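A.B. asks: take this sequence and fold it.
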Amino acid sequence: MKRNKFFSPALMLEGIKQTKVVGICFAIVSILLSCYFPFLKIMESSANYWKSDVIMDLGSFVLPIFVLQYLMPIVVVFVLFNFMNSRKASDFYHSIPLSKTCIYVTYTIVALLWSLAVILVSTFLSYILYSFAPEIIINSEFIWTTIISSFILAMLITSITLVAKGLSGTLFTNIIITLIIMFLPRIIILLYTSAVNAAVKITDVSFMSFADIYNNIIFAPFTTNQFMYGYIKQETLPISNASTLWYSAILAIIYFVIGFFINKFRKSESAGKSAAYKGVQPVVRILLGSIPLLLISTNLACGLNVSVEFWFIGIVISLLAYFLYELITTKNAKKLLTAIPFYLIAILVNAIFVVACVGEKNFILNDIPEPSEISSVSISNYIDYSNAINIDDNYYKYKAEDVKFNDKELIDILQSSLVDTVEKVKESNFDELTRDNYMPYDVIIHCSSGRDIKRTIYVNINKYNGSSKPSLDSYLYKNQEYMDILFSLPTDKELKSIKIDSSNMDFSKDELNELWKTYKEEFNSASDKNKSILSYRDNSGNYDNIYGINNITNIKVTGYVGMNNFSQHYLVNANITPKTYSKLINKTMSKLIKDNIIDTVKKNESDAAYFRLDFSDLKNTNNNFILEYYNDNIGDDDLMMSPSVDGTLKRYNVNYSDSGIDKKYIPELRKISNIIINAISDNVDVEKDNLIQCSLSTNVNFEYSYDDDRISGYSLNSQSETVYVNITDEQYDEINNILSKCSKHTNYVDTEN
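C.D. replies: Residues are numbered from 1 along each chain as shown. Presented below is the predicted three-dimensional model:
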């Protein structure tokens, strides 16, 4: 009678002993990786002359630990279940007083324990090592994200390997089946959806669905960027995406259950055979033969011409994969003859693939509801809530999906435009839709029957923006629910994280929450026009005049709208959000003062061969200039390094543009630098006029290249630091007087908007 039907502590200890060499080896490799990458970052940080902070991103932290789990579970499972490949060992395990269920569950736990131990040690070791470098800022939330995502990956690959072990009794076939299950289903889905999307062009059949490759954590390192609708769509890393983690965890459980039943009914005599069940051998062989043909099929489904060479190469590789697998696994040349007819199935599979793609393409293009069938529409992507700077921002996109427009005229315009769009696609005139007179709208059409249709509809703005017809925007702006969303911030329940995206300062979680609280108050009290500026949705197309600064400070927030992961950027502006800006600036300046930035900049300004000052008045962005000068210790007139100034001081109605200032004026120009340096303080008043942002750049040593004895070139490796200061009106006047004295200037001419 079998004992320990579900779990055996003694067998678990035995399994740990069997795999201790493998486990320790992977632990050593993981520890080395955990040390190598922090040390590399620390060395890079130490090499930075200005010792500026480096903010670690999640991807850089997690991937070295994450990637190891692609291999470790496979090796550990192969070692633990190696008895399934040997007839004697298999018979022994069948004879011991432990049930198959107990062996399966216990050894699976052993494999997962090894993965979990390595993940925990590597993660905490990495975090500790990074903490030794004060210049490297790392979020403590990375720890749990890394542990959870890496362990779910280990679970999924362990379960897949268990299925492969149960289906075959040889190491070679175990590996082949493992790789097929890991990658082939999702690759087929990717090729299918890519082919349909490429052929249709006005929809994405995989977006936010089971078919989206983004859902499977195995593909996490490969899906940071996705190409959609003609631009690169940035996504939050799948390793931190809740829907990806849940989907992958559930898939791991499903594979575990499948593996359980496969192993439960597997016979001992299957050990040493390439297929444990009848039908496994031809199925694997057909799949291997089908894979190379899929590349040809995908091109055909997209409507592309396939060259004779491409056909030939694909078929040859397909035949080699098909027959070599049979020969290697059976070691019987005669069986190659019986395998020939089954190759037709591989061809049939690809034919079905092409027919399915073409069929779905035709269905989508012909699925155009009549206006009377449409109850309402939602606009899920449009310039009014697409960030003009960061194209990955999508909070307003997801929120707008819930707004339904039932205006009859708007529905008629969109339905008519959909008909026009489809005709252009069918006539292969899609390029015409990408011209300036067309505006793309991602639309969800809600039919009275209850079904929804998602399409990208190209609207001819000239046709619907004439004197007798209102623009499409006017229909949207009449909806109060839409307008409320457009000028709102994410709610506290929707938020997941807050980050100062353009700052190297190490803000605590409480400081970030307090900063966001202040920002919300200022945002909510701002005008709609200013809210558009703060959320980068201003449509004036003149961002330089709005911001006018080199280093745009913004807050990046991430979170969830339902199951959709979003990120969104918001500008921190000295005029519109002075309280938030003041907190950011004073935090920055306090850190710089603490790091003795004044003495550092003074020393560099006097000792460096090259000095550059980027001057921007944050309250009057038309007052800005770039000043460069070279100290007298260069000693090489051949380099022709004259001081220069370029910029505009609107308050004095002058432009400065002089790339050849006489070197005798360098002492005068240095007075400007000293004015800024001496004004550095950790008590910056944002409400005060003459708030200046300056980027101070220096180069300590030139690197020369020589042609015989003559200098033929040089390079500058500059270091820079950005400071914020208040200067007086008298100091402003002094700066202008110096520039007027040293360089050419002309009357200011305002640029046309």
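A.B. asks: what's the following helix or strand after the lowest-mean-pLDDT helix or strand in the chain?
C.D. replies: Ranked by mean pLDDT, DSSP states H and E, the helix or strand of the chain with the weakest confidence is strand 231-234, at a mean of 36. Sequence-wise, the next helix or strand downstream of strand 231-234 (DSSP states H and E) is helix 242-264.
A.B. asks: and that following helix, what's buried?
C.D. replies: Buried residues in helix 242-264, counted by 16 or more other C-beta atoms under 10 Å: 243-245, 247-249, 251-252, 255-256, 258-260, 262-263. C-beta coordinates here come from the backbone N, C-alpha and C atoms, glycine included.
A.B. asks: mind listing the strands for the stretch 651-753 of the chain?
C.D. replies: Using DSSP state E, counting those that start in this stretch, the strands of the stretch 651-753 of the chain run over residues 654-658, 691-699, 703-707, 710-715, 719-726, 745-747.
A.B. asks: in the last one, what's buried?
C.D. replies: Of the residues in strand 745-747, those buried under the neighbour-count criterion (16+ other C-beta under 10 Å) are residue 745.
A.B. asks: please report how far residue 269 lies from residue 284.
C.D. replies: Per C-beta to C-beta, to the nearest Å, residue 269 is found 20 Å from residue 284.
A.B. asks: the two - which one has more neighbours?
C.D. replies: residue 284 (21 against 13; other C-beta atoms under 10 Å).
A.B. asks: name the residues that touch stretch 366-380?
C.D. replies: 397-398, 400-406, 408, 410-412, 414-415, 418-419, 422, 441-449, 453-454, 476 (C-beta atoms under 8 Å, 6 or more residues apart in numbering).
A.B. asks: only C-alpha atoms, please: export that stretch in PDB.
C.D. replies: Extracted in PDB, the C-alpha atoms of stretch 366-380 (Å, rounded to 0.1, in the frame of the first residue of the first chain):
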ATOM      1  CA  ASN A 366     -16.500  44.100 -43.700                       C
ATOM      2  CA  ASP A 367     -17.800  44.500 -40.100                       C
ATOM      3  CA  ILE A 368     -19.100  48.100 -40.400                       C
ATOM      4  CA  PRO A 369     -22.300  48.700 -38.400                       C
ATOM      5  CA  GLU A 370     -24.900  51.000 -39.800                       C
ATOM      6  CA  PRO A 371     -25.500  54.300 -38.000                       C
ATOM      7  CA  SER A 372     -28.900  53.000 -36.700                       C
ATOM      8  CA  GLU A 373     -27.100  50.000 -35.100                       C
ATOM      9  CA  ILE A 374     -24.700  52.300 -33.100                       C
ATOM     10  CA  SER A 375     -26.000  53.400 -29.700                       C
ATOM     11  CA  SER A 376     -22.900  55.300 -28.700                       C
ATOM     12  CA  VAL A 377     -19.100  55.700 -29.200                       C
ATOM     13  CA  SER A 378     -16.100  56.100 -27.000                       C
ATOM     14  CA  ILE A 379     -12.800  57.800 -28.100                       C
ATOM     15  CA  SER A 380     -10.000  55.800 -26.500                       C
END
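A.B. asks: how far does it sit from the chain's center?
C.D. replies: Centroid separation for stretch 366-380 versus its chain: 33 Å, with C-alpha atoms, centre = their mean, to the nearest Å.
A.B. asks: next one: stretch 332-351
C.D. replies: On C-alpha atoms, centre = their mean, the centre of stretch 332-351 falls 42 Å from the chain's centre.
A.B. asks: same question for it, mean pLDDT?
C.D. replies: For stretch 332-351, mean pLDDT rounds to 90.
A.B. asks: now do stretch 472-483
C.D. replies: In the prediction, stretch 472-483 has an average pLDDT of 85.
A.B. asks: and it, end to end?
C.D. replies: Stretch 472-483 has its terminal residues 15 Å apart, counting by C-alpha to C-alpha, to the nearest Å.
A.B. asks: just stretch 198-214 next, same as before
C.D. replies: 18 Å.
A.B. asks: what's the answer for stretch 591-603, then?
C.D. replies: Terminal-residue distance, stretch 591-603 (C-alpha to C-alpha): 19 Å.
A.B. asks: tell me which residues in that stretch are buried?
C.D. replies: Residues of stretch 591-603 classed as buried: 591, 592, 597, 600, 601 (neighbour count, 16+ other C-beta under 10 Å).
A.B. asks: what do you get for stretch 616-632?
C.D. replies: Buried, per 16+ other C-beta under 10 Å, within stretch 616-632: 616-618, 620-631.
A.B. asks: verify the stated contact: residue 15 with residue 110.
C.D. replies: Yes - counting by C-beta atoms under 8 Å, residue 110 is a contact partner of residue 15 at 3.7 Å.
A.B. asks: which neighbours do these two have in common?
C.D. replies: residue 80.
A.B. asks: mind listing what the closest residue to residue 568 other than its chain neighbours touches?
C.D. replies: Excluding the flanking residues, the one nearest residue 568 by C-beta to C-beta, 6 or more residues apart in numbering is residue 395, at 4.1 Å. Residue 395 makes contact with 385, 490, 494, 557, 559, 561, 566, 567, 568, according to C-beta under 8 Å, 6+ apart.
A.B. asks: so the third one touches residue 559, yeah?
C.D. replies: Yes - if you go by C-beta under 8 Å, residue 494 and residue 559 touch, sitting 4.5 Å apart.
A.B. asks: between the two, which has more neighbouring residues?
C.D. replies: Legend: neighbour count by other C-beta under 10 Å for residue 494 and residue 559, higher for residue 559 (20 against 17).
A.B. asks: immediately after the helix or strand hosting the more buried one, which helix or strand?
C.D. replies: Using DSSP H and E, residue 559 sits in strand 554-561. Downstream of strand 554-561, the first helix or strand assigned by DSSP H and E is strand 564-571.
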